[in-house]
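1. everything below, folded, please.
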Amino acid sequence: MHAVVAVESVIVESPRVQQVRGLFDLAPEKTSRLRWEVALPIEDRPWHVGLITGPSGCGKSTIARHLWPRETLRSAALTWPRDRSLLDAFPESASVKDVTALLSAVGFSSPPAWLRPFHVLSTGQQFRVTLARLLAEALADPAAPLVVLDEYTSVVDRTVAQVGSAAAARAVRGHNLRFVAVTCHDDVIPWLQPDWVYQPAEGRFEWRSLRRRPRVRLDVVRCQASAWPLFAKNHYLSDGLCRSSYCFLATWGNRPVVFSAWLPFLGSGPPTRREHRTVCLPDYQGIGLGIVVSDALAAMWTGLGYRAVSTTSHPAMIQSRLRSPNWALSRPPSLASGNERRLKHATTRLTAGFRFVGPPMDNKLAAALLGG
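-> Next up, the predicted model:
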């Protein structure tokens, strides 16, 4: 893809313009011109994610609008109903299952928040919802399987931007789409893992090979139930917490990220612990942190001689567990029966039961974690 991009504007000779010309010895030109020679060899090989980056004023947005006018207009023209759920803004051709799957794919897996209007969401949530909707519209239009998003991550916290970028890249590649991010923030590169990067300020284009994204260190500790309110509103079923729960908190640096609570299992059979509540805060969803913490605590219980089981109705969690070698399906998605009827939600919606079969945690380490 080769293009010459030029922008011209007439300079009106007002008194102030004339004064500035005199002060800074500027040439008496009647037209201001900017010109870029753009060479993007993106037809040479397959790709899914591209990045245009550089400092403000280097021509990123202008070049993107010239190369992909339809796609940049689509992203800039998005509107959202103020008195209805954000779900109602997605293409009518997309089923509820498709929409919720896309929202989960970009790391926005909080069903209670899906019911809210777009304008009441946090900036981090709006960023993810916008991306999900653009992906949905691209999927609904086979002639335009490309998404171009200007000012990418410009209004969100940098940690949120990085985690969101990892989720975005996975969603784009998973749906076999193409996505071009336009941003002045190059800190997203290790997380977005673009197939190519173009820097207009230097006129430089490079293909990139996929690399492992940065490692995330989580510290998991036993905690009090008083940590739950921070996470409660984001649970997809209920904000209730059983008083007999064993509670654990995972932090990233000094930031709380994941809360997980477990209960004794009431029923016959070997000593068992059941996952009760596991919630990852919305800003950190999309890279599997909740799943990692859940697996670690299940390994802790098995390291202490218990069985670890989990019942979930969240479609994304069910799919993740079905793919995971650490969990075995004990009950396919269905309505609860027998002892499981004490789980009220399991009688009104499909749930799936799983048993942890992954490697147990070292007994001494598990005892230390449980002991707090």
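2. what residues are up against the residue positioned nearest the centre of the chain?
-> Central residue of the chain (Cα atoms, centre = their mean): residue 107, 3.0 Å from the mean position. With contacts defined as Cβ atoms under 8 Å, 6 or more residues apart in numbering, residue 107 is in contact with 128, 163-164, 167-168, 282, 285-287. Where C-beta positions appear, they are placed from N, C-alpha and C, glycine not excepted.
3. now do the strands in the stretch 251-372 of the chain.
-> 255-264, 272-280, 307-312, 327-334, 351-356 (DSSP state E, counting those that start in this stretch).
4. format those strands as TSV; extra columns: mean pLDDT and mean neighbour count.
-> As requested, the strands of the stretch 251-372 of the chain are exported to TSV (pLDDT from 0 to 100; neighbours: other Cβ atoms under 10 Å):
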stretch	mean pLDDT	mean neighbour count
strand 255-264	95	21
strand 272-280	94	21
strand 307-312	93	21
strand 327-334	90	15
strand 351-356	93	22
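5. would you turn those strands into JSON lines with distance to residue 206?
-> As requested, the strands of the stretch 251-372 of the chain are exported to JSON lines (distance: least, Cβ to Cβ, whole Å):
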{"stretch": "strand 255-264", "distance to residue 206": "33"}
{"stretch": "strand 272-280", "distance to residue 206": "34"}
{"stretch": "strand 307-312", "distance to residue 206": "42"}
{"stretch": "strand 327-334", "distance to residue 206": "40"}
{"stretch": "strand 351-356", "distance to residue 206": "43"}
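6. nearest to residue 92, out of these?
-> Evaluated over the strands of the stretch 251-372 of the chain, closeness to residue 92 peaks at strand 327-334, with 27.0 Å, by Cβ to Cβ.
7. next, the contact list for residue 2, please.
-> 38-40.
8. could you do residue 292 as well?
-> residue 218.
9. ok, now how distant is it from residue 216?
-> 9 Å (Cβ to Cβ, to the nearest Å).
10. again, but for residue 101
-> 24 Å.
11. between these two, who's got more neighbours?
-> residue 101 (19 against 16; other Cβ atoms under 10 Å).
12. spatially nearest residue to the more buried one (excluding sequence neighbours)?
-> Of all residues not flanking residue 101 in the chain, residue 315 sits nearest, at 7.0 Å (Cβ to Cβ, 6 or more residues apart in numbering).
13. ok, how many other residues are close to the closest residue to residue 56 other than its chain neighbours?
-> Of all residues beyond its chain neighbours, the one nearest residue 56 is residue 184 (5.6 Å), with distances taken as Cβ to Cβ, 6+ apart. Neighbours of residue 184 under the rule other Cβ under 10 Å: 17.
14. check residue 103 too.
-> 29.
15. tell me which element it is part of?
-> Using DSSP states H and E, residue 103 falls within helix 96-105.
16. point out the other helices and strands that that helix packs with.
-> With contacts taken as 3 or more Cβ pairs under 8 Å, 6 or more residues apart in numbering; DSSP states H and E, helix 96-105 sits against helix 111-114, helix 123-140, helix 158-174, helix 315-323.
17. what residues of the second one count as buried?
-> Using 16 or more other Cβ atoms under 10 Å as the test for burial, helix 123-140 gives 124-139.
18. quick check: the residue nearest to residue 56 vs residue 131, distance?
-> Residue 184 is 18 Å from residue 131, by Cβ to Cβ.
19. low-confidence ranges, this protein, go.
-> 144, 236-238, 335-349, 372 (pLDDT under 70).
20. swap the cut-off to 80 and go again
-> 1-3, 6-9, 30-34, 142-145, 235-239, 265-269, 316, 334-350, 372 (pLDDT under 80).
21. quick one, phi psi at the residue nearest to the centre of the chain?
-> Dihedral pair for residue 107: phi 90, psi 20, per degrees, to the nearest 10.
22. over to residue 179?
-> The phi/psi pair for residue 179 (degrees, to the nearest 10) is phi -140, psi 130.
23. how close does it get to residue 48?
-> Taking Cβ to Cβ, one finds residue 179 at 7 Å from residue 48.
24. tally of neighbours for residue 295?
-> Residue 295: 19 neighbours (other Cβ under 10 Å).
25. next: residue 98.
-> Neighbours of residue 98 (other Cβ under 10 Å): 15.
26. that one against residue 136, yeah?
-> Yes - at 7.1 Å, residue 98 and residue 136 qualify as touching, with contact defined as Cβ atoms under 8 Å.
27. the protein: helices as residue ranges?
-> Secondary structure of the chain by DSSP state H: the helices cover 15-24, 60-67, 69-76, 96-105, 111-114, 123-140, 158-174, 189-192, 229-232, 289-303, 315-323, 363-371.
28. just send those helices back as CSV, with distance to residue 220 too.
-> Shown next, in CSV, are the helices of the chain (distance: least, Cβ to Cβ, whole Å):
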stretch, distance to residue 220
helix 15-24, 59
helix 60-67, 40
helix 69-76, 38
helix 96-105, 23
helix 111-114, 25
helix 123-140, 23
helix 158-174, 18
helix 189-192, 22
helix 229-232, 14
helix 289-303, 6
helix 315-323, 19
helix 363-371, 7
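29. alright, that wraps it up for me.
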